[in-house]
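Enquirer: following is a predicted model, sequence given first.
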Amino acid sequence: MKSLQKIGDFLAYALLPIRRNATFFVFMYILGLVCSYAIVPDNGKSHAYSLTWQELFFDVYTLCILLAFIPRKIRAWIRVAFYTVAYVLAIIDLYCYVKFDSTLNPTMLLLVGETNTSEASEFLESYLSWNILGSSVGLVLLLALLNIIIGVWHKKIRGGISLLLKKQQSIWVPLSNIYNKVKKVAYIIRPTAGLAVLVTFIVCASLCMENKRLLVKLMSYDNIGDVEHELTEKHHGVQYLPIYRLAFSIYANELTAQQLVRLKASLDDVKVDSCSYRSRNIVLIIGESYNRNHSSLYGYETPNTPRQKKLYKRGELMPFTDVVSPWNLTSFVFKHLFSLYTVGDKGDWCDYPLFPEVFRKAGYHVTFMTNQFLPQAKEAVYDFSGGFFLNDEQLSKAQFDTRNTDLYRFDNGLLCNYEKLKDEGKDKPQLIIFHLKGQHVDYRTRCPKVQKRFNKDTYKESRPELSDKERTVLSDYDNAILYNDSIVNAIVDKFRKQDAIVIYVPDHGEECYDGGVHFYGRMHSAEITPRLAHAEFEIPMWIWASREYKAKHPDIWQAVRKYRKRPYMTDAMPYLLLYLAGIECPQYRDELNILSDKYNEKRPRILKRQVDYNVLMEKEKLQKEQEKAKENNKKKR
């Protein structure tokens, strides 16, 4: 009996954390459920949704264990602090979700840090309204009010009832007897309840420990790029509560701050020895998610680039045939594309100057028109990671003279905006950068309905292995490429009567049911095979020049025609631009300029810091030759 009693007493201790923090446990658990389920769709697949209540039980109970060992008076104040932080964060997080369709994120935290008192007042006047009480925010406020009432008045209410009952002796005696009986029953039930709590805690711990491990992994990197890459994994840490989202946002901002410090230090290294202004107007168009093998300019059977093909036939546009991107993530590509760092150099990308800084230092007026990288509340980590060095106030001023301030559903809106800004700095040589939304997922939203030409029936004969749904996605992608074709052609037309050269290059490629794989998008965690390299890293690149430009610079146009089949990786793009501008600076390397006679065609083209594209293609070629030889031997036999 004594041993059973000891076991019962031990199990009863499992209830102690909850008994000592009963109100705290109940309200924090309910608050966690409200915060989680208000923003996570129940689609049957979400890890965040399926494990929320288990992980929440583990977190709240663990917190109650810690609180249980703290003296009562101190514990009460600590609980008040936790209440305050939890409710304030919940209200902010859910308010952001209701108003901006986004929870707390790194960009939102950055925007708050850059907001002054006046801007904050204007924001509150604009966005605070009574109808917010009808949302999940109102539910949290109601929960907080109920929590305060119980927390402040429960002792007074309990004391008042006791005093009333003592005065009414006729009621007090039988109630005391009932209370004593209940107490005895509770003493018996307590071990059972303790066992239930203990088992629940152990089960919840085992279920949520993987997410805890992934959260630790997510927040253990030393640069924001690796964090972003971790988020592309199928299974990554889920920040299911506002407190976790705040912690992650602070962590992400700390990482970018470290790189910003190094970038700002490199501002002192921006030196220009001389500039001949070889090209008065240089236009760089940066596209998005463009698989070269899905462009009819490069032989794709669906006619989705008719305007570019027309320019090519007229001799105005020269497509480069062997170009790859160093990464299949926009943010990584932008860092390599803008920095004078190239893959294999010492240090990191943020230790080198950014090419727009060099252009401004040389006397060019630099315009940046982006339809993706503007800081906004609803911004994914990917855009935050790719645009933070473009949007920092000091670095932005160092790089750009003119910038747009609005984003548009379709890229044509960006061109219309440029028309209003194009006269800024018109007396100076111009570097103009257009960053398009291009073929960014979701493809169906990247082309106006009136301009869509292809549908699922377009591919019935050519792609019979695909389902109707897959052919629809493919048609959306090709329609997006067709619309992109009209956009780049419109940009070219803007400079047709000027002394101008235009370069088009997308950030990376994109899967769209290539090589027998029923998949679209990008396989970030997969091994880089020849098939994946063809789809996600091979990209189109072309150079167009106006008639006036070709007349003034026949040597450059001759080099474009001569060298357009050279192997190239876009991390070296700044060196082509510096050459076209005639900028001489300490960092310039002629062996990285694709139009130079000294260009290094044997430079390794390392994809994702993993594999050399040139070696990969040689292996594929050898494998195909071996397979062909085997087939020939079979035929001879």
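Expert: Perfect, thanks for sending it.
Enquirer: so Gln439, which state does it fall into?
Expert: coil (DSSP: H, G, I helix; E, B strand; the rest coil).
Enquirer: how many neighbours does it have?
Expert: 26 (other C-beta atoms under 10 Å). C-beta here means a position set from N, CA and C on the backbone, and glycine is covered the same way.
Enquirer: and it, how far is that from His294?
Expert: Per C-beta to C-beta, to the nearest Å, Gln439 is found 9 Å from His294.
Enquirer: identify each buried residue in stretch 531-540, please.
Expert: Residues of stretch 531-540 classed as buried by neighbour count (16 or more other C-beta atoms under 10 Å): Arg531, Leu532, Ala533, His534, Ala535, Glu536, Phe537, Glu538, Ile539, Pro540.
Enquirer: what's in contact with that stretch?
Expert: With contacts defined as C-beta atoms under 8 Å, 6 or more residues apart in numbering, stretch 531-540 is touched by 290-293, 295, 297-298, 319-320, 323-325, 328, 504-512, 514-515, 517, 522-523, 526, 528, 570, 607, 611, 613, 616-617.
Enquirer: weed out the non-buried ones from those.
Expert: 290-293, 295, 297-298, 319-320, 323-325, 328, 504-512, 514, 522-523, 528, 570, 607, 611, 613, 616-617.
Enquirer: which of the residues you listed fall within strands?
Expert: With DSSP state E as the criterion, strands contain Pro319, Phe320, Val323, Val324, Tyr504, Val505, Pro506, Glu511, Cys512, Leu607, Val611 from among the buried ones among the contacts of stretch 531-540.
Enquirer: can you pull the contacts of the nearest residue to the last one once chain neighbours are set aside?
Expert: Meaning Val611. Counting by C-beta to C-beta, 6 or more residues apart in numbering, Val611 lies nearest to Ile528, which is 5.0 Å off, once chain neighbours are set aside. With contact set as C-beta under 8 Å, 6+ apart, Ile528 has these partners: Phe537, Leu607, Lys608, Gln610, Val611, Leu616.
Enquirer: out of those, which is nearest to Asp226?
Expert: Proximity of these to Asp226 (C-beta to C-beta) peaks at Lys608, which lies at 11.7 Å.
Enquirer: look up the pLDDT of that closest one for me, please.
Expert: What the model reports as pLDDT for Lys608 is 91.
Enquirer: and the residue nearest to it when sequence neighbours are not counted, how many neighbours?
Expert: Leaving aside its sequence neighbours, Lys608 sits nearest to Trp327 (C-beta to C-beta, 6+ apart; 5.8 Å). Trp327 sits with 25 neighbouring residues when counted by other C-beta under 10 Å.
Enquirer: what's the answer for Ala629, then?
Expert: 10.
Enquirer: how far is whichever helix or strand it is part of from where the chain is centred?
Expert: Assessed by DSSP states H and E, Ala629 sits inside helix 613-636. With C-alpha atoms, centre = their mean, to the nearest Å as the basis, helix 613-636 stands 39 Å off its chain's centre.
Enquirer: so where is the stretch 301-450 of the chain shaky, pLDDT-wise?
Expert: Confidence mapping of the stretch 301-450 of the chain against pLDDT under 70 gives the ranges 375-386.
Enquirer: quick one: the helices in it?
Expert: 306-313, 330-338, 355-362, 381-391, 393-399, 411-421 (DSSP state H, counting those that start in this stretch).
Enquirer: what's the closest of those helices to Val98?
Expert: So among these, helix 381-391 is nearest, using C-beta to C-beta, at 21.1 Å.
Enquirer: tell me how far the nearest residue to Glu424 once chain neighbours are set aside lies from Tyr418.
Expert: For Glu424, ignoring the flanking residues on the chain, the nearest one in space by C-beta to C-beta, 6+ apart is Thr402 at 4.7 Å. Here Thr402 is placed at a distance of 9 Å from Tyr418 (C-beta to C-beta).
Enquirer: overlap in contacts of the two?
Expert: Thr367.
Enquirer: that older thread, for the residue nearest to Glu424, list each beta-bridge partner.
Expert: Thr367 (DSSP bridges).
Enquirer: OK, contacts around it?
Expert: His365, Val366, Thr367, Phe368, Leu421, Glu424, Gly425.
Enquirer: now for Asn479: which residues touch it?
Expert: Here Asn479 is in contact with Asn304, Tyr443, Arg444, Arg446, Cys447, Gln451, Lys452, Arg453, Phe454 (C-beta under 8 Å, 6+ apart).
Enquirer: which of the ones in strands among the buried ones among the contacts of stretch 531-540 sits closest to Leu94?
Expert: After measuring these against Leu94 - C-beta to C-beta - the closest member comes out as Glu511, at 35.7 Å.
Enquirer: doesn't Met523 make contact with the closest one?
Expert: Yes: shown here, Glu511 and Met523 form a contact pair, counting by C-beta atoms under 8 Å, at 6.6 Å.
Enquirer: quick check: phi and psi on the residue lying closest to Ala526 once chain neighbours are set aside?
Expert: Closest residue to Ala526 apart from its sequence neighbours, by C-beta to C-beta, 6+ apart: Leu532 at 6.1 Å. Main-chain dihedrals, Leu532, degrees, to the nearest 10: phi -70, psi -40.
Enquirer: so what's Asp401 up against?
Expert: Contacts of Asp401 (C-beta under 8 Å, 6+ apart): Arg360, His365, Val366, Thr367, Glu424, Gly425.
Enquirer: emit the ChimeraX select command for whichever of those residues are buried.
Expert: Of these, the buried ones go into a single ChimeraX selection, burial set by 16+ other C-beta under 10 Å:
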select :360,365,366,367
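Enquirer: distance to Ile286 added to the contacts of Asp401, as JSON lines?
Expert: Below are the contacts of Asp401 laid out as JSON lines (distance: C-beta to C-beta, whole Å):
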{"residue": "Arg360", "distance to Ile286": "18"}
{"residue": "His365", "distance to Ile286": "19"}
{"residue": "Val366", "distance to Ile286": "14"}
{"residue": "Thr367", "distance to Ile286": "13"}
{"residue": "Glu424", "distance to Ile286": "20"}
{"residue": "Gly425", "distance to Ile286": "20"}
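Enquirer: now, the most widely separated pair of the contacts of Asp401?
Expert: Arg360 and Glu424 (13.5 Å).
Enquirer: thinking again about what came up before, what's the closest of the contacts of Asn479 to Leu622?
Expert: Distances from Leu622 to the contacts of Asn479, taken by C-beta to C-beta, are shortest for Asn304, at 32.8 Å.
Enquirer: how much space separates Pro540 from Val488?
Expert: For Pro540 relative to Val488 (C-beta to C-beta), the value is 10 Å.
Enquirer: identify the contacts common to these two.
Expert: Common neighbours of Pro540 and Val488 (C-beta under 8 Å, 6+ apart) are Tyr504.
Enquirer: just the buried residues of stretch 254-268, please?
Expert: Leu255, Thr256, Gln259, Leu260, Leu263, Ser266.
Enquirer: and Ser596, its phi and psi?
Expert: Torsion angles, degrees, to the nearest 10, at Ser596: phi -90, psi 150.
Enquirer: what sits against it?
Expert: Tyr579, Asp590.
Enquirer: for it, give me the pLDDT.
Expert: 97.
Enquirer: any regions of the stretch 501-637 of the chain where pLDDT drops low?
Expert: Short version for the stretch 501-637 of the chain, where the test is pLDDT under 70: 636-637.
Enquirer: where along the stretch 1-150 of the chain do the helices fall?
Expert: 2-12, 16-20, 22-37, 47-50, 52-68, 72-100, 106-114, 117-127, 136-167.
Enquirer: quick one: contacts for Ile594?
Expert: Counted by C-beta under 8 Å, 6+ apart, Ile594 has contacts Phe320, Tyr563, Arg566, Tyr568, Ala572, Leu576.
Enquirer: and the last one, how many neighbours?
Expert: One way to gauge burial is a neighbour count; for Leu576, by other C-beta under 10 Å, it gives 23.
Enquirer: make a markdown table out of the ones in strands among the buried ones among the contacts of stretch 531-540 and add distance to Ala14.
Expert: Formatted as a markdown table, these follow (distance: C-beta to C-beta, whole Å):
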| residue | distance to Ala14 |
| --- | --- |
| Pro319 | 70 |
| Phe320 | 68 |
| Val323 | 63 |
| Val324 | 59 |
| Tyr504 | 66 |
| Val505 | 62 |
| Pro506 | 58 |
| Glu511 | 51 |
| Cys512 | 54 |
| Leu607 | 53 |
| Val611 | 53 |
